[in-house]
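Chemist: okay, structure incoming, though there's no sequence with it:
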Ligand SMILES: Nc1ncnc2c1ncn2[C@@H]1O[C@H](COP(=O)(O)OP(=O)(O)OP(=O)(O)O)[C@@H](O)[C@H]1O
Ligand SMILES: CCCCCCCCCCCCC/C=C/[C@@H](O)[C@H](CO)NC(=O)CCCCC
Ligand SMILES: [Ca+2]
C-alpha cells in the first residue's frame, strides 16, 4: 500500500516521467506515481525515487472514475502541498549544474504534481535575496533554492527580512522576538557542501528533495541571529571563529577550485596551526530537556523538537527564552545568567543543527536538534597539532569528537564573543608570539599569524570579531521532514 500523502500524481494511460517523459495513451489504463524509498550508500537518510504502478480497468468509464477520485483524495489530503512556487537557480553553484538539475530532474516532478513555478536563473549574487525583500510575493506558497548553502543563505536572509519588514520588527534589535516566516523553503542541492540539505533530509539528491517539496513536507528550523553594532546576519549551520573562519577566508581565494577549495584551504589553515584569544559567554539551555552528549539523534518526528513546538506555540516570545534585559548594553541585571570562559581557542563554533554533510556524516554536533530552540556551542581550546587533527578527524566517523580533554560542548540559547578587555590591541601579537606553538608552515598563506580571526557565518565571511548571537526557535519551515530512520522503513537497496 501507499499512503495518499505520498502519492505524487495520477496520469491517464501508461506513462513514464523520469528519466524522460513518455505517454502511451490507452483507454483503460492509468498510472499512479508515488514516493518509493531506497537505502543510500554511505548516507544516513533514505533516498526517495519516483515509484510508478500501472492499473488496467475493465472500462474507460471506470478508469476515469478512479482517476477523478484518486486526484481528489490527493488534493484534499495535504493542505501544505504547494501549488505555486518561486524558484531561484544559481547557475554557478557547486559544479555549475544547477540549471540542468532543475530542468531534467525537478521540473518534470513539479509538472506531474500540478505545481506551477516561476523560475529565475540568477545573474548576480544577492539577486534572490533582493527579490524576496522587495518584489510582490502574493500567490506563492514557497520558495525553492537550487544551489548550495550560500544560495540558501540568500533565501534565508530575504525571507526573514521580508517577514520582519511586514511585521514592523527591527531585525537589528537583538531583543526583538522575530516573526516566523509563512512561506516554506525547498532546497534542491546543487552546491559544494549542501550542509542544510544533508542535515534536514539525510541525503544529497535532487529527486529526493523535489519529492519532499511536492508532497508538502514541513520541517521547522531554528535560526541564529548574529549581531554586531547595528548590523545583523543569520546562521543555521555554522557560525565559526578561528579554524572555520580561517578556512573560509582562505578558500575564497581559491573559488576556481570548486568544491575542492575547502580541502585545500583546510589543509593550509591546519598547517598554519593558529589559535586565538577570546572571551566566550553563553546562556545554557534547560539541561532537563536534552544534552549535546546524550548520544541521541534528531530524526524525523523527533520528540524533543515536538515538545519544543508546544512550548514555542504556548509562549511565542519565549523563543530563546531570554529577557530583554539580557541584551541591554551588555551590563544588564541578568548578567549572572551568563557563563563566562576566557582563553585561547583553536575554534569556537555555534550550530543550530547537527550540520552533517558528506564530509562529516554525523556533523559538527551529532545530537543537536533541528527545531528545539537551542544551539550547540563547541569550544576547542588551544592544543597541540596532533590533538587538533584528532578532533577534526573524528568528524569523519562515528568516534565522539567531544570526548577529548581540550573540547567542550554546551547547549545554549545565546552567545557573546569578545576580546579579553585587559589586553590592548598591541599585546595580542606579543601573546601570539609567546603562546602559539611554532606553526609548521605559517608563511605559506600569511607572513605572521594575525591576532584575530573572522567569523564563518554559513559560508559567508563576517569580518568582525565581537558578536552577540541568539537562537530563534523554529523561525523557518523547510519542505523536508528530518532524517528518516532507516530501521523504520521497508525499502529496496
Ligand atoms: N548568478 C550568480 N553569479 C554569481 N554569484 C552568484 C549568482 N547567484 C548566486 N550567487 C552567489 O554564489 C554563492 C555561492 O553559491 P552556492 O551556495 O549556490 O554554491 P557553492 O558556494 O558552490 O556551495 P556551498 O555554499 O554549498 O559551499 C552564493 O553566496 C550566492 O550569493
Ligand atoms: C583529517 C580530516 C579532516 C576532516 C575535517 C572535517 C571537518 C568537517 C566539518 C564540516 C562542518 C561543516 C559545517 C557547515 C558549514 C557550511 O555552513 C559552510 C557553507 O557551505 N561550509 C563551510 O564553511 C566549509 C567548511 C569546510 C571545513 C573543512
Ligand atoms: Ca536547534
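Modeler: Thanks, I have the structure now. Source: prediction; values computed, not measured. Ligands and ions are numbered 1, 2, ... in the order given.

Chemist: okay, CA-based contacts and neighbour counts for the rest of this
Modeler: Noted.

Chemist: now the spatially closest residue to residue 394 that is not a sequence neighbour: how far from residue 282?
Modeler: Nearest non-adjacent residue to residue 394, counting by CA to CA, 6 or more residues apart in numbering: residue 401, 5.3 Å away. Noted for residue 401: a distance of 21 Å to residue 282, by CA to CA, to the nearest Å.

Chemist: the residue nearest to residue 394: helix or strand, and which one exactly?
Modeler: According to DSSP states H and E, residue 401 maps onto no helix or strand at all.

Chemist: now do residue 164
Modeler: helix 149-167.

Chemist: residues from this structure in reach of ligand 2?
Modeler: 149, 193, 195, 237-238, 244, 248, 262, 266, 355, 359-360, 364, 389, 392-393, 395-396, 458-459 (CA under 6 Å from any ligand atom).

Chemist: wait, residue 49 sits on residue 208?
Modeler: Yes: with contact defined as CA atoms under 8 Å, residue 49 and residue 208 form a contacting pair (6.3 Å).

Chemist: which of the two has more neighbours?
Modeler: residue 208 (25 against 20; other CA atoms under 10 Å).

Chemist: just the pLDDT at the spatially closest residue to that one that is not a sequence neighbour, thanks.
Modeler: For residue 208, ignoring the flanking residues on the chain, the nearest one in space by CA to CA, 6+ apart is residue 48 at 4.6 Å. Per-residue confidence for residue 48 comes out at a pLDDT of 97.

Chemist: burial of residue 48, as a residue count?
Modeler: 23.

Chemist: for it, which residues count as its bridge partners?
Modeler: For residue 48, the beta-bridge partners are residue 37 (DSSP bridges).

Chemist: what about it, distance to residue 297?
Modeler: From residue 48 to residue 297 the distance is 21 Å (CA to CA).

Chemist: again with residue 118
Modeler: 37 Å.

Chemist: which one's more surrounded, these two?
Modeler: residue 297 (17 against 12).

Chemist: tell me, how many residues neighbour the nearest residue to that one once chain neighbours are set aside?
Modeler: Distances taken as CA to CA, 6+ apart place residue 367 nearest to residue 297, at 4.9 Å, with adjacent residues excluded. When neighbours are defined as other CA under 10 Å, residue 367 has 21 of them.

Chemist: repeat that for residue 130.
Modeler: 17.

Chemist: then the one 3 residues further on?
Modeler: Here the neighbour count serves as a burial measure; for residue 133 (other CA under 10 Å) it reads 19.

Chemist: mind listing what residue 8 touches?
Modeler: By CA atoms under 8 Å, 6 or more residues apart in numbering, residue 8 lies in contact with 32, 33, 34, 35, 112, 113, 211, 214, 215.

Chemist: buried members of those residues into ChimeraX, please.
Modeler: Here is the ChimeraX selection string for the buried members of the contacts of residue 8, based on 16 or more other CA atoms under 10 Å:
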select :32,33,34,35,113,211,214,215
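
Chemist: redo the contacts of residue 8 as TSV? Include secondary structure.
Modeler: What follows is the contacts of residue 8, written out as TSV (DSSP: H, G, I helix; E, B strand; the rest coil):
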residue	secondary structure
32	strand
33	strand
34	strand
35	strand
112	helix
113	coil
211	helix
214	helix
215	coil
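
Chemist: would you turn the contacts of residue 8 into JSON lines with pLDDT and distance to ligand 1?
Modeler: Shown next, in JSON lines, are the contacts of residue 8 (pLDDT from 0 to 100; distance: CA to the nearest ligand atom, whole Å):
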{"residue": "32", "pLDDT": "98", "distance to ligand 1": "34"}
{"residue": "33", "pLDDT": "98", "distance to ligand 1": "30"}
{"residue": "34", "pLDDT": "98", "distance to ligand 1": "29"}
{"residue": "35", "pLDDT": "97", "distance to ligand 1": "26"}
{"residue": "112", "pLDDT": "96", "distance to ligand 1": "26"}
{"residue": "113", "pLDDT": "96", "distance to ligand 1": "26"}
{"residue": "211", "pLDDT": "98", "distance to ligand 1": "20"}
{"residue": "214", "pLDDT": "97", "distance to ligand 1": "22"}
{"residue": "215", "pLDDT": "97", "distance to ligand 1": "24"}
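
Chemist: residue 80: what secondary structure?
Modeler: Residue 80 - assigned by three-state DSSP - is coil.

Chemist: which residues does it contact?
Modeler: 215, 216, 217, 218.

Chemist: hang on, isn't the second one packed against residue 82?
Modeler: So that's residue 216. Yes: between residue 216 and residue 82 there is a contact under CA under 8 Å: 6.1 Å.

Chemist: which helix or which strand is home to the closest residue to ligand 3 within the stretch 151-300 of the chain?
Modeler: At 5.3 Å from ligand 3, residue 222 is the closest residue in the stretch 151-300 of the chain, using CA to the ion. Assessed by DSSP H and E, residue 222 sits inside strand 219-228.

Chemist: next: residue 470.
Modeler: strand 467-478.

Chemist: next one: residue 280
Modeler: Per DSSP H and E: strand 276-284 holds residue 280.

Chemist: off-centre distance for the helix or strand following that strand?
Modeler: Downstream of strand 276-284, the next assigned helix or strand under DSSP H and E is helix 303-314. Centroid separation for helix 303-314 versus its chain: 20 Å, with CA atoms, centre = their mean, to the nearest Å.

Chemist: need the residues of the stretch 351-493 of the chain near ligand 3, please.
Modeler: Neighbours of ligand 3 within the stretch 351-493 of the chain, by CA under 5 Å from the ion: 352, 353, 369, 370, 371, 372, 374, 375.

Chemist: my read: the first one touches residue 368, true?
Modeler: Yes: with contact defined as CA under 8 Å, residue 352 reaches residue 368; the gap is 7.1 Å.

Chemist: tell me which of the two has more neighbours.
Modeler: Shown here are residue 352 and residue 368; by other CA under 10 Å, residue 352 has more neighbours (31 against 27).

Chemist: which phi and psi does the more buried one have?
Modeler: Per-residue torsions, residue 352: phi -90, psi -10 (degrees, to the nearest 10).

Chemist: give the closest residue to it in space, chain neighbours not counted.
Modeler: residue 375 (4.2 Å).

Chemist: tell me the bridge partners for that neighbour.
Modeler: Bridge pairing for residue 375 - DSSP bridges - gives residue 412.

Chemist: distance check, residue 337 against ligand 1.
Modeler: To ligand 1, residue 337 is 35 Å away according to CA to the nearest ligand atom, to the nearest Å.

Chemist: phi, psi for that residue please.
Modeler: phi -80, psi -20.

Chemist: what does residue 42 give?
Modeler: Dihedral angles for residue 42 - degrees, to the nearest 10 - are phi 90, psi -30.

Chemist: burial of it, as a residue count?
Modeler: Residue 42 has 9 nearby residues by other CA under 10 Å.

Chemist: which pair of the contacts of residue 80 spans the longest distance?
Modeler: Greatest spacing in these, by CA to CA: 215 and 218 (9.4 Å).

Chemist: the domain parsing of this protein - what is it?
Modeler: What the TED database lists as the domains of the chain is 4-77, 84-216, 238-307+336-422+447-473.

Chemist: between the two ends of the shortest one, how far is it?
Modeler: Start-to-end span of domain 4-77 (CA to CA) is 7 Å.

Chemist: the helices in the chain, which residues?
Modeler: Under the criterion DSSP state H, the chain carries helices at the ranges 60-77, 98-101, 107-112, 127-134, 149-167, 195-201, 206-214, 243-252, 261-272, 303-314, 385-393, 425-435.

Chemist: how long is stretch 119-131 end to end?
Modeler: 12 Å.

Chemist: just the buried positions in that stretch, please.
Modeler: 126, 127, 128, 129, 130, 131.

Chemist: before I go, just wanted to say thanks for your time.
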